[in-house]
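**Student:** Turn this into a model:
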Amino acid sequence: MGVATKAVLIVEDDQNIARTFARILQKNGYQTDVAQTGREAIQKVSARCFSAALIDVCLPDMDGMQLLNELVDKDCRIVKVIITGFPAIALQTDKKADAYLLKPVKPQELLALLEQKTQGK
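**Tutor:** Predicted coordinates for the structure are as follows:
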């Protein structure tokens, strides 16, 4: 299973936020896919490797930390970025996340982080 160049899975149940992230990333050369639940994200990562996943902490079927644990066990190397409105969440990632961003996410911060973390992938 090869990693699609600059492919990002957006795991976000708020459609407006997911669309905004997708627009920002697509305008900057990224391919995007969206999962609105943790289960949907697991299915998509099982079917295709992404270079990165943006993971919201609050999902309808599981929290982002549970999803993070699931993705750590997958075969392909995916950069996992937790997105949260709660700074303390970053301390709970147990280093399984590659990075975290605080809401509201600034587009330039998101793009710089993805470029840094996916470089050489």
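**Student:** Going by C-alpha atoms from here, please, whenever you check contacts or count neighbours.
**Tutor:** OK.
**Student:** okay, and for the chain, where does confidence drop off?
**Tutor:** For the chain, the stretches flagged by pLDDT under 70 are 1-5, 73-76, 89-95, 120-121.
**Student:** Can you list the residue ranges for helices in it?
**Tutor:** Assigned by DSSP state H, the helices in the chain fall at 15-27, 38-47, 64-72, 107-118.
**Student:** Can you tell me which of those is nearest to residue 55?
**Tutor:** helix 64-72 (6.1 Å; Cα to Cα).
**Student:** which outside residues touch the closest one?
**Tutor:** 38, 42, 45, 55-58, 78, 80, 82, 93, 96-97 (Cα atoms under 8 Å, 6 or more residues apart in numbering).
**Student:** Bridging across strands, which residues link to the residue most central in space within the chain?
**Tutor:** Centroid-nearest residue in the chain, with Cα atoms, centre = their mean: residue 54, separated by 1.6 Å. Beta bridges link residue 54 to residue 10, residue 81 when assigned by DSSP bridges.
**Student:** Make 51 the starting number, not 1.
**Tutor:** Sure, I'll start numbering at 51, so the last one becomes residue 104.
**Student:** Quick check: it touching residue 133?
**Tutor:** Yes - when contacts are counted by Cα atoms under 8 Å, residue 104 is listed as touching residue 133 (6.6 Å).
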